[in-house]
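Engineer: sequence first, then the predicted structure:
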Amino acid sequence: MRLNMSVNTAINIGFLMACLLIALPVNAKDIQPVKNTVAAKHPGQALFQTNCAYCHDTGMVKAPNTNNLRLMTAQAIYRIQIEGAMKPRAAHLKDSEKQLIAEYLSGKRLNDAPDIIPALQCKKKDGGWFNSREVSAGMGWGIDAENSRFIPDDIANLPLKDVKSLRLEWAYSYSNALRARSQPAIAGGGLFVGSHSGEVYALDAKSGCQHWTFQASGEVRTAIVVSPGEGIKPSQADGVPLLYFGDYFGNVYALDAGTGALIWKVKVDDDPTATITGSPVLYKGQLFVPLSAIGNFDDSCCTNRGAIIALDARTGIKRWKTYTIPSPAIERYRNADGIPQYGPSGASVMNSPTIDKKRGLLYFGTGQNHSSPSDGNSDAIFALAIDDGHVVWKTQVTAGDIWPVSSSHPKNENEVHVDNDFSASPILIHGENQKDILVAGQKLGEVFGLNPDDGSILWRNQVGRGAPMGGVHFGMAAQGQTVFVPIHDNDTWLETLQPMPVGPARPGLYALDAFTGKMLWSAPLSKYCPKNSNCLGFSAAITAIPGVVFAARRDGVFHAFNSTNGKMIWAFDTAREFTALNGQQANGGSIAGPGPLIVNGMVYINSGYGIYGSSPGNVLLAFSVKK
């Protein structure tokens, strides 16, 4: 946060600044800043300009602009400095200075009560509301072990003919939130979801009333995973399951689903940049946790490594841990300021692992290296043995890919800066005669079919052009032997890639044959967007049910497509203001990250992303067919 930082430090801090800043909902382009009653000549102004404005007033990646910060509560700004994402950067400030910054930005004093209306509470306030006879709707992020993101008819209970009649049933407002990127889970009549503020909520899945909340240490952006998973007994004697999730700071939690009581909490890595981006997956008593990383806190870049950690689901005790880069980074050279530079690093695991029950394997993709030298573990698909975590095979698709905003280092002609992450989960597809294939998509728009036995590439199809925030960004879906591929292809920061992708952007939704890669149908944005409109592509994960693919655009428009031919059958614009169940105003915005959930005839979607230039928002929307 100091003004005399180097450019590299500023870039890394900018990447961190917005990851957990807790803001009230606002779409900056539509809503004027509220009147700041204590900002004029406030002593916190100089502190903010010296310590914070470098990132927030310069359009730094991931740093919320000052207009958004001015709509934060004083309590939220103060908390983020003492125990949140900005704790390391605010460590040199006195407590009184942190308070002054909070009061200057919010326009209110720290001891003023925040203007938050309590959520609508359910009548039953104890754990007795949970109906343990109702099975959970899926296994977490990917819905099933294969990460197909396909919800069968007996769970979705939404016929194709009824989709065009979907109407908004209710809206739930996330308090103190700038974005909504935790995928809900439904079990026992409850809906469980995390939030930007670190709160985890248990709502009634039908009415949206609130049963309980739990406060985690940081933002919860993962899906909520409900036990018991396949092959294990109920986690508690009374039949009420546990909930599992990770937070921004690399902590993993297990809660009682009925009451929200903490059962255990484990920090899975000691690196200060360790975070959990991908969702854990539960299988046969083990919770498999993907480990990601962000840029280092200072100029000494970088030592972080991606990993998969296997925890005992009942106790949280670590069973095994496999790093994507086997050996720790070592000092490679010193920069012009004499600061050590380390590598190799990165190869984060940003997606939820895929389980192969037949082969006893776990599949996942990695991101690019964070610092030089590059190695053979970035931009790759891995297969690990479920029992002990050893690497069975790995297939690197893009060699030499170094994070575009990593610290400067000696030029290496064998390295590129194309940000070619596997950020979406691979999908395991079962075909005829025991034939299987693993399908994976990259951010540069290419989709691959791999042999799950040895990782060999069987086919590849360049579906999109690619971009730092797309082509395949958060998740594909599959039904039978058809794979549905969402493409974003936004031009944001395209010029930062070296070499820069060429050709026209191809945002839209596409269907491929899983075993050949052949295009079955295409629904490019140009088919259903008005001419000359700023119609953004599909960044968020998509979800399929029989006959339908649900996909939400980056600009907040939520669609349903016929999965047989790609024709659009329903759309709803979420980028607007809603009145939540408690009467509080909530805002929708951009949609990215988690995909929709369809259960018992209802459709759920989060709206609001608030980073990378996207519109902020803080609302969970529930749709149903009103007959």
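Structural biologist: Noted; the coordinates are in hand. Numbers count the residues shown, from 1 in each chain.
Engineer: packing partners for the strand or helix carrying residue 604?
Structural biologist: Using DSSP states H and E, residue 604 maps to strand 602-607. Packing partners of strand 602-607 (3 or more CB pairs under 8 Å, 6 or more residues apart in numbering; DSSP states H and E): strand 548-552, strand 597-599, strand 619-625. Heads up, the C-betas are built off the backbone N, CA and C, glycines and all.
Engineer: hey, C-alpha coordinates of the last one in CSV?
Structural biologist: Meaning strand 619-625. What follows is strand 619-625 as a C-alpha-only set of coordinates in CSV (Å, rounded to 0.1, in the frame of the first residue of the first chain):
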residue,chain,number,x,y,z
VAL,A,619,-28.0,-11.0,-5.3
LEU,A,620,-29.1,-14.7,-5.5
LEU,A,621,-32.1,-15.1,-7.8
ALA,A,622,-34.6,-18.0,-7.7
PHE,A,623,-36.9,-18.7,-10.6
SER,A,624,-39.9,-21.1,-10.9
VAL,A,625,-42.7,-21.8,-13.3
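Engineer: still on that earlier bit, and the angle from the strand holding residue 604 to strand 548-552?
Structural biologist: Counting by axes from the mean of the first three to the mean of the last three CA atoms, to 10 degrees, strand 602-607 lies at 20 degrees to strand 548-552.
Engineer: now do the residue lying closest to residue 128 once chain neighbours are set aside against residue 131, distance only.
Structural biologist: Spatially, and ignoring its direct neighbours in sequence, residue 128 is nearest to residue 258 (7.3 Å; CB to CB, 6 or more residues apart in numbering). Applying CB to CB, to the nearest Å, the value for residue 258 to residue 131 is 10 Å.
Engineer: when the two are compared, which one has more neighbours?
Structural biologist: residue 258 (23 against 12; other CB atoms under 10 Å).
Engineer: list the contacts for the more buried one?
Structural biologist: Counting by CB atoms under 8 Å, 6 or more residues apart in numbering, residue 258 touches 126-130, 188, 238, 240.
Engineer: please apply the same query to residue 311.
Structural biologist: Neighbours of residue 311 in contact, by CB under 8 Å, 6+ apart: 252, 266, 268, 286-289, 317-319.
Engineer: among those, name the buried ones.
Structural biologist: 252, 266, 268, 286-289, 319 (16 or more other CB atoms under 10 Å).
Engineer: residue 352: which of the residues you listed is nearest?
Structural biologist: residue 288 (8.7 Å; CB to CB).
Engineer: list the helices and strands the helix or strand hosting that closest one packs on?
Structural biologist: Here residue 288 sits within strand 286-293, counting by DSSP H and E. Using 3+ CB pairs under 8 Å, 6+ apart, the elements in contact with strand 286-293 are strand 274-275, strand 281-283, strand 307-312.
Engineer: so can I have CSV of those strands showing mean pLDDT?
Structural biologist: Listed next are the helices and strands packed on strand 286-293 as CSV, based on pLDDT from 0 to 100:
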stretch, mean pLDDT
strand 274-275, 92
strand 281-283, 96
strand 307-312, 98
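Engineer: quick one: which of the ones you listed is nearest residue 211?
Structural biologist: Nearest to residue 211 among the helices and strands packed on strand 286-293 is strand 281-283 (21.9 Å), distances taken as CB to CB.
Engineer: hang on, the earlier thing: state the pair within the contacts of residue 258 that is farthest apart.
Structural biologist: That would be 126 and 188, which, of those, are the farthest apart (CB to CB) at 13.7 Å.
Engineer: which of those two has more neighbours?
Structural biologist: A count of neighbours by other CB under 10 Å puts residue 188 above the other of residue 126 and residue 188, at 22 against 10.
Engineer: surely that one touches residue 137?
Structural biologist: No. Here residue 188 does not reach residue 137: they are 10.2 Å apart, not a contact under CB atoms under 8 Å.
Engineer: in stretch 446-453, what counts as buried?
Structural biologist: Neighbour-count burial for stretch 446-453, counted by 16+ other CB under 10 Å, picks out 446-450, 452.
Engineer: let me know the closest of these to residue 439.
Structural biologist: residue 449 (5.6 Å).
Engineer: mind listing what the closest one touches?
Structural biologist: With the criterion set at CB under 8 Å, 6+ apart, residue 449 makes contact with 437-439, 457-460, 514-517.
Engineer: equivalent analysis for residue 199, please.
Structural biologist: Residue 199 makes contacts with 174-175, 213-216, 220, as judged by CB under 8 Å, 6+ apart.
Engineer: drop anything exposed from those.
Structural biologist: Among those, those classed as buried by 16+ other CB under 10 Å are 174-175, 214, 216, 220.
Engineer: out of these, which sit inside strands?
Structural biologist: Counting by DSSP state E, the buried ones among the contacts of residue 199 place residue 214 in strands.
Engineer: many thanks, I have nothing further to ask.
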